[in-house]
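Engineer: What would the 3D arrangement of this be:
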Amino acid sequence: MTSRNSASLVGFACVLTASALWGTTGTTATFASGVSPLGIGAVAMGLGGLLLALTALRSIVKSRAKLTAQWPMLLLGSLSVAIYPLAFYSSMHLAGVAIGTVISIGSAPLAASLIERFFDGQKLTTRWLLGAAAGLAGAVLLTLSESHGSRGAADPTAVLYGILLGLVSGLLYALYSWVARRLMQAGIPPRAAMGSIFGVGGTLLLPVLAVTGAPLLASTTNIAVGIYMALVPVLVAYVLFAYGLARVSATMATTLSLLEPVIAAVLAVVIVGERLPAEGWAGIGLIVGSLFILTLPIPGRRRRTRSSAAAVDAALSTR
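Structural biologist: Down below sits the predicted model:
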């Protein structure tokens, strides 16, 4: 195995682990009684984003000149980070944990491909199309299984708004992933890139937390949920995601994150007690199959993104 293939596999592993941690957010949020989705989103990405920035403070200070030069991209990524959790948790609140997660994450690869094609002129490979098609088919089956598995009490209008908010969060997720990689390709270390984006985004969320966060202090369970949401799915997961994103494309990273709805669905069945019909398990199988399609190496073929990888490697060497 070459060093480049080894680095890619490490990147795949980091993104997949981060995705598994993200998959715990919906189930965890159900334990916070009386806390609105805006409060959950604000504490998760607000406090978590600031903690992420603090851990990367030294790298951010060293890269301040490059970050200042890239301020339009930094602003775009930060706004995406600030709005993303509000749309994501509102989507799960309105449409259900599984549907909100699946729509948000399942739509991200398509959004990422459109962003990269529009701004970077990157063509879509047949392999990516096959993997994305399998993943999206699995996401659709999971959504249908959630609808069939519910007890008919869901408000169709609320579900529709939840799906729309899920599409918005998928676009924002793909957008800040693309911005982070562009900053890395500009010579900014991954920790500084992700730390600055999440630090500014987390600061923008503090007013939302001040208005909606009081119920988080109503019980020890709510406090524990708030701490977990800030530390694990944000701080730990995004450190892993940044490390992986430096080694795979934004399109590949967002597609690998299809593992998140799988974890979310399994936790919903095992912990929350939701029922998952056969089409739901078929959807999980398709999503796992898409991960194999995208990650298995192709003997004798070289990736054409050599120049981009070299730029990111240069950024990593300055950490």
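Engineer: how close does P277 get to G77?
Structural biologist: The spacing between P277 and G77, counted by C-beta to C-beta, to the nearest Å, is 39 Å. No exception for glycine: its C-beta is placed from N, CA and C like everyone else's.
Engineer: ok, and the closest non-adjacent residue to V208?
Structural biologist: Distance criterion C-beta to C-beta, 6 or more residues apart in numbering; nearest residue to V208, sequence neighbours excluded, is A42 at 4.2 Å.
Engineer: how about that neighbour, what does it touch?
Structural biologist: By C-beta atoms under 8 Å, 6 or more residues apart in numbering, the residues touching A42 are P85, L86, L205, L206, V208, L209, T212, G213.
Engineer: out of those residues, which is most surrounded?
Structural biologist: Scoring those on neighbours with other C-beta atoms under 10 Å, the highest-scoring entry is P85 at 30 neighbours.
Engineer: Going along the chain, name the helices of the stretch 101-250 of the chain.
Structural biologist: Listed in chain order, the helices found in the stretch 101-250 of the chain under DSSP state H, counting those that start in this stretch are 126-149, 156-185, 190-212, 220-230, 237-245, 250-256.
Engineer: What residues of stretch 221-232 count as buried?
Structural biologist: Neighbour counts over stretch 221-232 (16 or more other C-beta atoms under 10 Å) mark N222, V225, G226, Y228, M229, A230, V232 as buried.
Engineer: Can you tell me which of those residues is nearest L54?
Structural biologist: A230 (11.7 Å; C-beta to C-beta).
Engineer: more neighbours, P277 and G77?
Structural biologist: G77 (27 against 15).
Engineer: Quick one: mean pLDDT for the helix or strand hosting the more buried one?
Structural biologist: Following DSSP states H and E, one finds G77 within helix 71-95. Averaged over helix 71-95, pLDDT sits at 91.
Engineer: on contacts alone, who are the packing partners of that helix?
Structural biologist: helix 25-29, helix 37-41, helix 97-120, helix 156-185, helix 190-212 (3 or more C-beta pairs under 8 Å, 6 or more residues apart in numbering; DSSP states H and E).
Engineer: Lowest average pLDDT across those helices?
Structural biologist: Across those, the lowest-scoring stretch is helix 97-120, with a mean of 77.
Engineer: residues in contact with the closest residue to M73 other than its chain neighbours?
Structural biologist: In space, and not counting its chain neighbours, M73 is closest to V179: 5.3 Å by C-beta to C-beta, 6+ apart. The contact partners of V179, taken as C-beta under 8 Å, 6+ apart, are M73, L74, L76, G77, S80, I197.
Engineer: V179 and P85, how far apart?
Structural biologist: V179 is 16 Å from P85, by C-beta to C-beta.
Engineer: repeat for L286
Structural biologist: 27 Å.
Engineer: what does W71 give?
Structural biologist: 23 Å.
Engineer: For V35, give its distance to G213.
Structural biologist: Taken as C-beta to C-beta, the span from V35 to G213 is 8 Å.
Engineer: which residues touch the most centrally placed residue in the chain?
Structural biologist: In the chain, the centroid-proximal residue (C-alpha atoms, centre = their mean) is Y173; its distance is 5.8 Å. Contact analysis of Y173 by C-beta under 8 Å, 6+ apart lists S80, Y84, F88, S104, I105, A108, A111, T254, S257.
Engineer: Surely G46 touches G202?
Structural biologist: Yes. With contact defined as C-beta atoms under 8 Å, G46 and G202 form a contacting pair (4.9 Å).
Engineer: who's in contact with G201?
Structural biologist: Neighbour list for G201: M45, G49, G77, S78, L79, S80, V81, A82, Y176 [criterion: C-beta under 8 Å, 6+ apart].
Engineer: What's the local residue count around the closest residue to the second one other than its chain neighbours?
Structural biologist: Just to be clear, that refers to G49. Distance criterion C-beta to C-beta, 6+ apart; nearest residue to G49, sequence neighbours excluded, is G202 at 2.6 Å. Neighbour count for G202, taken as other C-beta under 10 Å: 28.
Engineer: shouldn't G202 be in contact with M45?
Structural biologist: Yes. Between G202 and M45 a contact is recorded at 6.2 Å, counting by C-beta under 8 Å.
Engineer: before we move on, the earlier item: quick one: the residue nearest to the centre of the chain and A268, what's the gap?
Structural biologist: 20 Å.
Engineer: Likewise for R191?
Structural biologist: With C-beta to C-beta as the criterion, R191 and A268 are 33 Å apart.
Engineer: Check I60 too.
Structural biologist: For I60, the distance to A268 - C-beta to C-beta - is 37 Å.
Engineer: quick one, which of the two is more surrounded?
Structural biologist: For I60 and A268, the more surrounded residue by other C-beta under 10 Å is A268, and the numbers stand at 25 against 21.
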